[in-house]
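K.L.:
Structure, please.
(one chain, ligands or ions: 1)
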Amino acid sequence: MTEQQRLQQVRDRIDAIDGELLRLISERATCAQDVARIKEQAGDVAHYYRPEREADILRRIKARNPGPLDGEEVARLFREIMSACLALERPLSVGYLGPEGTFTQAAALKHFGHSVRTQPFGTIGDIFREVEAGSCNFGVVPVENSTEGVVNHTLDMFMRSPLRIAGEVTLRIHHHLMSRASGASTGIPAGLQRVYSHQQSLAQCRGWLDRHLPHAERVPVGSNAEAARLAAGDSDSAAVAGEAAAALYDLDILAHRIEDEPGNTTRFLVIGPEDAPPSGRDKTSLLLSCRNEAGSLYRLLTPFADQGISMTRIESRPSRQGVWDYVFFIDINGHRADPSVSGALQKLENAANLCKVLGSYPEAVL
Ligand SMILES: O=C(O)C(=O)C[C@]1(C(=O)O)C=C[C@@H](O)C=C1
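P.N.:
Prediction:
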């Protein structure tokens, strides 16, 4: 057999497999329509989106993956299939910190897949308000970065918002230096006067900028996408932003992955009217406050230690209600419906001034 004939043989096989995949995906989509009808008949129209079920499916796919494709890769494919199936049941709208091309949009699409409708908003406060008003089903907001720490505005919003946390997304953040497309070969032009970016991104690339662009002015703006938009209008300027922003504003990437920390990761939260039922591997976020007296934080944390619950994060913020009053944002492993977690929460009621469960939700799968 010639090389050409062998190639044709494998391609015929691929065509047959694609036909089979198409039939199976269509059959799956028909099942999703059946699920939607059952939910409608049960009057359960608020629950087309089931985060715990999605997490369970994606975990199973990763665990069963025979290769050669990587587990993350296969899960991403199934993420998109489920996203399309859900859109058949009911298209979801998801608010994010805009404009288009931000890392928050990338996080929203990573979590929900590309069949949701993403809606940009100007501030974190606007996202909370729009989801509270019901004009978006869910919102995605940044909460912490591995290099720069916590996003205080998001934590502060939880103090007064009735919204719950329904999920988390982690995103590896790669920053690139970009400027107006010149068509010329890459390299950093000597005459660059300004670098626009979000405050946090400038901080995450501080070392690189000190070394390579010590004389360029660093101009903090509202978002990385806004930085890219500004750089697109001015050939003396560059932006530090992600790949999506470069594509959106037709910018050339002059230097790739300029973040100082190679493991730079941002964690985002999915906010909505409800949290999620148990998925088997969950986290719970709490807002706690205690009296300002000796041993009160110790007493606050004792119920978790007693129940053998591990804490994955603790942040303190001024409560804004008294000069020395602080609130604590705490993440623990487990779901509020787990006996150990609900036992700890009951004990906390006595120890804490305030104990608000912000939500239980599946640990990020992708
Ligand atoms: O199982 C459900 O409740 C469905 O709606 C089906 C399905 C899926 O495609 O598997 C779709 C959307 C939900 O978020 C979870 C799962």
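K.L.:
now for the lengthiest helix in the chain, which elements pack on it?
P.N.:
Within the chain, and with DSSP state H defining each element, the longest helix by residue count is helix 3-41. Under the contact criterion of 3 or more C-beta pairs under 8 Å, 6 or more residues apart in numbering; DSSP states H and E, helix 3-41 touches helix 71-89. (Glycine included, C-beta is placed from N, CA and C.)
K.L.:
Please see if the helix it packs on touches the ligand.
P.N.:
Yes - between helix 71-89 and the ligand, judged by C-beta under 6 Å from any ligand atom, the touching residues are 82, 85-86, 89.
K.L.:
which residues sit against the lowest-mean-pLDDT helix or strand in the chain?
P.N.:
Counting by mean pLDDT, DSSP states H and E, the weakest-scoring helix or strand in the chain turns out to be strand 149-150, with a mean of 84. The set of residues external to strand 149-150 that reach it, using C-beta atoms under 8 Å, 6 or more residues apart in numbering, is 143-144, 315.
K.L.:
now those as JSON lines including pLDDT and neighbour count?
P.N.:
Listed next are the contacts of strand 149-150 as JSON lines, based on pLDDT from 0 to 100; neighbours: other C-beta atoms under 10 Å:
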{"residue": "143", "pLDDT": "95", "neighbour count": "24"}
{"residue": "144", "pLDDT": "92", "neighbour count": "20"}
{"residue": "315", "pLDDT": "92", "neighbour count": "15"}
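K.L.:
any idea which of those is closest to the ligand?
P.N.:
Taking C-beta to the nearest ligand atom as the measure, the ligand sits nearest to residue 143 out of the contacts of strand 149-150, at 22.5 Å.
K.L.:
one step back: when you compare pLDDT across the residues of helix 71-89 next to the ligand, which one is lowest?
P.N.:
Lowest pLDDT within the residues of helix 71-89 next to the ligand is found at residue 89 (94).
K.L.:
What is the neighbour count of it?
P.N.:
The number of residues packed around residue 89, counting by other C-beta atoms under 10 Å, is 19.
K.L.:
What of residue 66?
P.N.:
Using other C-beta under 10 Å: residue 66 sits among 6 other residues.
K.L.:
How about the contacts made by it?
P.N.:
The neighbourhood of residue 66, defined by C-beta under 8 Å, 6+ apart, contains no residues.
K.L.:
Would you verify that it is located in a strand?
P.N.:
No - secondary structure of residue 66 (DSSP: H, G, I helix; E, B strand; the rest coil): coil, not part of a strand.
K.L.:
mind checking how far it is from residue 365?
P.N.:
According to C-beta to C-beta, to the nearest Å, residue 66 stands 19 Å off from residue 365.
K.L.:
Next: residue 29.
P.N.:
Spatial separation of residue 29 from residue 365 under the definition C-beta to C-beta is 21 Å.
K.L.:
one step back: can you narrow the contacts of strand 149-150 to ones near the ligand?
P.N.:
Taking C-beta under 6 Å from any ligand atom, there is no overlap between the contacts of strand 149-150 and the neighbourhood of the ligand.
K.L.:
Just the ones of these in strands?
P.N.:
Secondary-structure check on these using DSSP state E: residues within strands are 143-144, 315.
K.L.:
Need these in TSV (columns: distance to residue 48).
P.N.:
Conversion of these to TSV gives the following (distance: C-beta to C-beta, whole Å):
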residue	distance to residue 48
143	26
144	30
315	33
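K.L.:
Neighbours of the closest residue to residue 152 other than its chain neighbours, how many?
P.N.:
Among residues not flanking residue 152 along the chain, residue 317 sits closest, at 6.7 Å (C-beta to C-beta, 6 or more residues apart in numbering). Taking other C-beta under 10 Å as the neighbour definition, residue 317 ends up with a count of 17.
K.L.:
Now do residue 317 against residue 158, distance only.
P.N.:
When residue 317 is compared with residue 158 (using C-beta to C-beta), they lie 10 Å apart.
K.L.:
related to what we said a few turns ago, more crowded one of residue 29 and residue 365?
P.N.:
Neighbour count, other C-beta under 10 Å: between residue 29 and residue 365, residue 365 has more, with 21 against 15.
K.L.:
The more buried one is in contact with residue 75, isn't it?
P.N.:
Yes - using C-beta atoms under 8 Å, residue 365 is in contact with residue 75, at 6.6 Å.
K.L.:
Could you pull out the residues contacting both of those two?
P.N.:
58, 62.
K.L.:
Which of the three states applies to the residue of the stretch 251-366 of the chain found nearest the ligand?
P.N.:
Checking the stretch 251-366 of the chain residue by residue against the ligand with C-beta to the nearest ligand atom singles out residue 276 as nearest, at 10.4 Å. Classification of residue 276 into helix, strand or coil gives coil, according to three-state DSSP.
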